[in-house]
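S.K.: only the shape, not the letters, is given here:
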């Protein structure tokens, strides 16, 4: 082989290697830019959906890749949780949810179709919140005491209270309120807070229990009236509303939480990077102010902190469920 031909062959090999490397980088870049699905277990228009969309928009900029909210409503988040379990652990599917689906639902449903401890891994938390009791605009009650009196006088002690999902914190609250105030209250489960709110605004149901952020906008507009909140502290956004702890209803002192989860087996680097991006997003003043206005107490939780909170909350609810005599269905 002549020297010229050897040089030509060497050049072709180097060129081929360069092209191959470039293609590999291009493919890797394309893969990293693949959209992340952020599953939400409740319908559009509700509080959880609004939170997810606020974070998704900011996470997209922080991560440099699309983050798309995908609603999988139904069964208190159970359908979305099952979808997460069935997803590939490649960092393209996450689940934004609150305590009900992770800590409570697996204890009140015989076959939920997922086991958080086995099937999910914590990615990061970003807020705690409280649930609230509200009455519709067509209800004459201006306080919780007036609501109790109204049910006793106009309904013969019987009443229906809307809840976003069956066997949830709101359902247990309704049960305990009925016991404490000697009312025959029935929980009316909806597929999320948005349809429940629609019926409250239409005066189809006199009261409802959901998270503070679900009621906030309509409470401020005077269309519904929040008359009690859970937890041990009054909410800054509605300081005149008493806590049920003040009114003597104990057992709901632990605050629910919001977190993001991935399928077990998701690479640790992705989890670390995403949690870091989440921390930066919730630290942004506009995001913090927006979520605070919705009734959330904002604060980032690392994967380890979220997992620890989940464990403690699950154990607390095991005691509440046992005390109530509720039987898994």
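M.R.: Yes, it's here. What you are looking at is a predicted structure, and each value in this text was computed from that prediction instead of being measured.

S.K.: shaky segments in the stretch 201-329 of the chain?
M.R.: By pLDDT under 70, the stretch 201-329 of the chain has no low-scoring segment.

S.K.: would you list every one of the helices in it?
M.R.: 212-220, 268-282, 285-293, 303-324 (DSSP state H, counting those that start in this stretch).

S.K.: also compute the angle for the first one relative to helix 285-293, please.
M.R.: The one in question is helix 212-220. Helix 212-220 and helix 285-293 are oriented at 80 degrees to each other (axes from the mean of the first three to the mean of the last three Cα atoms, to 10 degrees).

S.K.: could you verify that residue 156 is part of a strand?
M.R.: No. Looking at residue 156 with DSSP: H, G, I helix; E, B strand; the rest coil, it is coil, so not inside a strand.

S.K.: hang on, the earlier thing: tell me the most buried of the helices of the stretch 201-329 of the chain?
M.R.: Highest mean neighbour count of the helices of the stretch 201-329 of the chain: helix 212-220, a mean of 21 (counted as mean count of other Cβ atoms under 10 Å). From N, CA and C alone the C-beta is placed, and that goes for glycine too.

S.K.: by contact count, what packs against it?
M.R.: helix 47-63, strand 131-136, helix 193-201, strand 224-229 (3 or more Cβ pairs under 8 Å, 6 or more residues apart in numbering; DSSP states H and E).

S.K.: got a list of contacts for it?
M.R.: 46-47, 50-51, 129-132, 134, 164, 193, 197, 200-201, 208, 224-226, 229, 235, 237-238, 293-296 (Cβ atoms under 8 Å, 6 or more residues apart in numbering).

S.K.: redo the helices of the stretch 201-329 of the chain as JSON lines? Include distance to residue 61.
M.R.: Output for the helices of the stretch 201-329 of the chain, formatted as JSON lines (distance: least, Cβ to Cβ, whole Å):
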{"stretch": "helix 212-220", "distance to residue 61": "23"}
{"stretch": "helix 268-282", "distance to residue 61": "9"}
{"stretch": "helix 285-293", "distance to residue 61": "11"}
{"stretch": "helix 303-324", "distance to residue 61": "22"}
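
S.K.: quick one: closest of the ones you listed to residue 38.
M.R.: Of all the helices of the stretch 201-329 of the chain, helix 268-282 sits nearest to residue 38, with 10.5 Å by Cβ to Cβ.

S.K.: the helices of the stretch 201-329 of the chain: which one's closest to residue 175?
M.R.: Proximity to residue 175, assessed across the helices of the stretch 201-329 of the chain by Cβ to Cβ, is greatest for helix 303-324 (6.3 Å).

S.K.: near the nearest residue to residue 234 once chain neighbours are set aside, how many other residues are there?
M.R.: Excluding its sequence neighbours, the residue lying closest to residue 234 (Cβ to Cβ, 6 or more residues apart in numbering) is residue 243, at 6.0 Å. By other Cβ atoms under 10 Å, the residues close to residue 243 number 19.

S.K.: run a quick neighbour tally on residue 246.
M.R.: There are 13 residues near residue 246, going by other Cβ under 10 Å.

S.K.: likewise for the one 4 residues further on?
M.R.: Other residues near residue 250 number 10, with proximity taken as other Cβ under 10 Å.

S.K.: now it: phi and psi?
M.R.: Dihedral pair for residue 250: phi -100, psi 170, per degrees, to the nearest 10.

S.K.: now it: how far from residue 91?
M.R.: The spacing between residue 250 and residue 91, counted by Cβ to Cβ, to the nearest Å, is 42 Å.

S.K.: and the nearest residue to residue 302 once chain neighbours are set aside, what does it touch?
M.R.: The shortest distance from residue 302 to any non-neighbouring residue, by Cβ to Cβ, 6+ apart, is to residue 275 (6.1 Å). Listed by Cβ under 8 Å, 6+ apart, the contact set of residue 275 reads 123, 124, 300, 302, 303.

S.K.: and the first one, that one's in a helix?
M.R.: No. Counting by three-state DSSP, residue 123 is not found in a helix; it is strand.

S.K.: nearest residue to it other than its sequence neighbours?
M.R.: residue 260 is the one closest to residue 123 (Cβ to Cβ, 6+ apart), at 4.5 Å.

S.K.: distance of the one you found relative to residue 298?
M.R.: Applying Cβ to Cβ to residue 260 and residue 298 gives a distance of 14 Å.

S.K.: circling back: rebuild the contacts of residue 275 as CSV, extending it with distance to residue 151.
M.R.: Below are those laid out as CSV (distance: Cβ to Cβ, whole Å):
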residue, distance to residue 151
123, 43
124, 42
300, 41
302, 44
303, 44
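
S.K.: any idea how this structure splits into domains?
M.R.: If you go by automatic domain parsing, the domain ranges for the chain are 35-128+255-324, 131-229.
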